[in-house]
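J.: Sequence plus predicted model, see below.
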Amino acid sequence: MITLDLDYAQKAYQKALDEPVLDKLVKAHKELENGTGKGNDFLGWLDLPTNMDSQITALNDAASKINAQSDYLLVIGIGGSYLGAKAAIEALSPYFGKKDGVEVLFAGHHISGEYMSDLEAYLSDKRFSINVISKSGTTTEPSIAFRRFRKLLEKQVGKTDAKTRIYATTDESKGALRTLSDKEGFTSFVIPDDVGGRYSVLSPVGLLPIAAAGIDIKAMLEGAKKANTELGEKTVTNPAYQYVMTRNALYDEGKKIEIFVHYEPKLHFLGEWWKQLFGESEGKQNLGLFPSSAGFTTDLHSLGQYIQDGERHLFETVLNIESPKKDLTIETDAENLDKLNYLTGKNVEEVNKKAMQGTLLAHHDGNAPSIVINIEKMDAEAFGYLVFFYELSCALSGYLLGVNPFDQPGVEAYKSNMFALLEKPGFEKETKAIKARFDSKKTR
Ligand code: PA5
């Protein structure tokens, strides 16, 4: 379903082939499959494509109920509990106009009071349901949002009815959200213990909002299953191996930044999801490529200069959809003031593809190599395939780098400072210490 074009990163790929990287990769792959590598208690994502089959009916039933009761679904979650659904819904829905399911809105993915106020005002006269998603059930951002929007819903439809419009996706047995959900009788779905947030899009975390948006989750899981089979091959023809080997070789030669590039704006949030996946998985022990993203040709008019000509520490990974769903033709203009009549009769996508080819070559010539990932089309099946491709590539990359790709110890540092500054009970010692640092203005 996907192929890699390594012409624009040929030197790095060749270097990876010349060195015994393949052997290391096969070893890492076997460790992953046998559950003998680092973070082996978080390998549940490998089985989600098949394990979720038994939940498709329940998820689609909940999605139908949401559609019957509401015009909007408010998804409350952050990080891995939000980005996958957002990426899928953006990538698979039309840009404008009527969608196949409810309009999915998001909250709890930041702490902007202005955003929440505007959203409350917007939803106050709308029919909406809530899907609150949190594995721990105590994450600050979604918890604040859930308090407000649950109240809004109760005000709108009454406490009893509100309960029928709240869906909780959380741990099977522990945590504040599980306790509340059981007490209130919300419809609930489980985030498996062995699936980390950033690997959870193919669990109910992603699948319920995606199904509510009218997207075929069965086809998505079929795509992931296909990837699981095809990418299981332990040879250099495996596209996941080619991707991992080449990005690893580029990292070794000093290209420390990887830019996820697309030429289709609806892939913006796939880039955001990809950044969390790779950033949180690889960025530890002072190691790891910095994941960044750009949408071309838009960002060629802002970042293009730097990529072409700035510090040579970056490479691009371009996701190329070979056949976009829709296209249109450029018409002739009698005056031709913009001198564009030479494009008459061409499709807009033809121009987009030429822009891509020209950019790949220019950046290659400017020593900013590119790995090109070609996917025939973007539909639910292809999305599922891509998710599994990136997840597998990420896990294998982490093992090659020597880190645990399934933990995220670094995200606690900001939380601890924030709790100390907010004087959270239990943080008294930290509050005193952090206040002293700010008061003395010697924070660094
Ligand atoms: O990948 C992760 O683990 C994080 O992004 C979490 O998903 C995020 O912090 C939200 O956590 P929780 O689902 O516990 O609210």
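T.: Okay, I see it. It should be emphasised that the depicted structure is a prediction, and the values quoted were computed from it without experimental measurement. Residues are numbered from 1 along each chain as shown.
J.: can you pull out the strands in the stretch 301-444 of the chain?
T.: 314-321, 370-375 (DSSP state E, counting those that start in this stretch).
J.: Can you pull up the residues of the stretch 301-444 of the chain that come close to the ligand?
T.: Within the stretch 301-444 of the chain, the positions near the ligand by C-beta under 6 Å from any ligand atom are residue 408. (Glycine included, C-beta is placed from N, CA and C.)
J.: what about the stretch 301-444 of the chain, any weak spots by pLDDT?
T.: 444 (pLDDT under 70).
J.: most centrally placed residue in the chain?
T.: Geometric centre of the chain, nearest residue: residue 273, 1.7 Å, by C-alpha atoms, centre = their mean.
J.: who touches that one in this structure?
T.: Taking C-beta atoms under 8 Å, 6 or more residues apart in numbering as the criterion, residue 273 is in contact with 83, 84, 86, 87, 198, 201.
J.: how about it, secondary structure?
T.: helix (DSSP: H, G, I helix; E, B strand; the rest coil).
J.: so who does the residue in the stretch 101-250 of the chain that the ligand sits nearest to touch?
T.: Closest approach between the stretch 101-250 of the chain and the ligand, counting by C-beta to the nearest ligand atom: residue 197, at 2.2 Å. Under the criterion of C-beta under 8 Å, 6+ apart, the neighbours of residue 197 are 79, 80, 81, 135, 205.
J.: ok, back up a step: deepest-packed of the strands of the stretch 301-444 of the chain, please.
T.: Most buried of these by mean neighbour count (mean count of other C-beta atoms under 10 Å) is strand 314-321; its value is a mean of 23.
J.: tilt between that strand and strand 370-375?
T.: 20 degrees (axes from the mean of the first three to the mean of the last three C-alpha atoms, to 10 degrees).
J.: picking up where we left off before, any chance of the contacts of residue 197 in TSV, with distance to the ligand, secondary structure and neighbour count too?
T.: Putting those into TSV (distance: C-beta to the nearest ligand atom, whole Å; DSSP: H, G, I helix; E, B strand; the rest coil; neighbours: other C-beta atoms under 10 Å) gives the following:
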residue	distance to the ligand	secondary structure	neighbour count
79	2	helix	21
80	3	helix	25
81	4	helix	30
135	4	coil	27
205	8	helix	31
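J.: so can I have TSV of those showing pLDDT?
T.: Output for the contacts of residue 197, formatted as TSV (pLDDT from 0 to 100):
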residue	pLDDT
79	96
80	95
81	95
135	89
205	98
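J.: Can you tell me which of those residues is nearest residue 412?
T.: Taking C-beta to C-beta as the measure, residue 412 lies nearest residue 79 of the contacts of residue 197, at 12.9 Å.
J.: wait, isn't the closest one in contact with residue 276?
T.: Yes - counting by C-beta atoms under 8 Å, residue 79 touches residue 276, with 6.3 Å between them.
J.: Any figure for the gap between residue 301 and residue 359?
T.: 12 Å (C-beta to C-beta, to the nearest Å).
J.: Wait, residue 107 touches residue 119, no?
T.: Yes - using C-beta under 8 Å, residue 107 is in contact with residue 119, at 5.9 Å.
J.: what residues do those two have in common as contacts?
T.: Joint contacts of residue 107 and residue 119 (C-beta under 8 Å, 6+ apart) are 74, 149.
J.: Please enumerate the shared neighbours of residue 79 and residue 276.
T.: Counting by C-beta under 8 Å, 6+ apart, the residues touching both residue 79 and residue 276 are residue 198.
J.: what's residue 268 in contact with, if anything?
T.: Listed by C-beta under 8 Å, 6+ apart, the contact partners of residue 268 are 90, 262, 293, 295.
J.: what does residue 423 give?
T.: residue 431.
J.: circling back: the more surrounded of residue 301 and residue 359?
T.: residue 359 (23 against 9; other C-beta atoms under 10 Å).
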